[in-house]
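Engineer: Quick one, structure for this:
(one chain, ligands or ions: 1)
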Amino acid sequence: MTCIIPDRSLVVSCQALEDEPLHGSDTMVKMAFAAMQGGAAGIRANGIEDIKAISKAVDLPVIGLLKKDYPGNDIYITPTLEDALLVSQAGADIVALDATDRVRPDGRSLSETIGILKSKGILVMADISTFEEGIKAASFGVDFVSTTLSGYTPYSKALDGPDLDLVTKLANVLDVPLVAEGRISTPDEAVSALNAGAYFVVVGGAITRPQQITKKFTEKIQERQAKIL
Ligand SMILES: CC(=O)N[C@H](C=O)[C@@H](O)[C@H](O)[C@H](O)COP(=O)(O)O
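Structural biologist: Okay, here's the model as predicted:
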């Protein structure tokens, strides 16, 4: 399969929600530029404005998503077909969507949603949380399966680091590229995910969320203080 994102490469997720200090398309474009200068092969971006701005300004493939809350529903990554179409129209080269085994807010099944997107020639990344969800999403014809939501559904295990077990198991059986995403904090963890069979890795907070990076330092320093006292 020809892929617009090279094998064994790094995609940087440049996202800042409204309540985060770096929120805003100007900042996210700068983050994406910085990622490109560092050698990233692609960008993952959230929200119509950020997707438009980044895909216009940065010459890298963009994996787009739309984080949106629907009252009474837990799905928040590109929850509906309409959201997915908006992401595609905004200029995303690949549309990432929640592909967990949960009821979608628009009442469409996952297979129907994927089927419609594929009939329009849209590349789809399935964000899953378990092995079974990965197998199911692949059978519905997605182009990529990503471990994005492992640890973020009530029925998946929340680990401190990346879910390398899930990466290994899915990479072994899937015919479509398996993407390792979620809690990859160091270059060594990224390499471990590639060694486990990931086609490419997506790294977010460890590169683009300075408040998260700072917290790692302050926590270590506090731990040291606690040992001394
Ligand atoms: C669970 C969820 O909502 N993940 C989101 C998906 O787009 C982003 O907030 C993450 O930053 C992205 O998946 C990369 O992961 P990490 O920031 O851990 O490297």
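Engineer: Return the residues in contact with Leu117.
Structural biologist: 81, 84-85, 88, 95, 124 (C-beta atoms under 8 Å, 6 or more residues apart in numbering). C-betas here are computed from N, CA, C, even on glycine.
Engineer: which one of those residues has the most neighbours?
Structural biologist: Val95 (27 neighbours; other C-beta atoms under 10 Å).
Engineer: give me the element it is part of.
Structural biologist: Applying DSSP states H and E as the criterion places Val95 in strand 94-98.
Engineer: by contact count, what packs against that strand?
Structural biologist: Applying 3 or more C-beta pairs under 8 Å, 6 or more residues apart in numbering; DSSP states H and E, one finds that strand 94-98 contacts strand 62-65, helix 81-89, strand 123-127.
Engineer: most tightly surrounded among the ones you listed?
Structural biologist: strand 62-65 (a mean of 28; mean count of other C-beta atoms under 10 Å).
Engineer: Tabulate the CA atom coordinates of that one in CSV.
Structural biologist: The C-alpha trace of strand 62-65 is given here as CSV (Å, rounded to 0.1, in the frame of the first residue of the first chain):
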residue,chain,number,x,y,z
VAL,A,62,-2.1,16.5,8.2
ILE,A,63,-4.1,14.0,10.2
GLY,A,64,-7.1,16.0,11.3
LEU,A,65,-9.8,15.5,13.9
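Engineer: Quickly run through the sheet partners of that strand, with directions.
Structural biologist: strand 42-46 (parallel), strand 94-98 (parallel) (DSSP bridges).
Engineer: For that strand, the averaged confidence score.
Structural biologist: Taken as a whole, strand 62-65 has a mean pLDDT of 99.
Engineer: repeat for stretch 153-165
Structural biologist: Stretch 153-165 comes out at a mean pLDDT of 97.
Engineer: can you tell if that stretch touches the ligand?
Structural biologist: No - under the criterion of C-beta under 6 Å from any ligand atom, stretch 153-165 makes no contact with the ligand; the nearest approach is 8.2 Å.
Engineer: The strand holding Val95 to strand 123-127, inter-axis angle?
Structural biologist: 30 degrees (axes from the mean of the first three to the mean of the last three C-alpha atoms, to 10 degrees).
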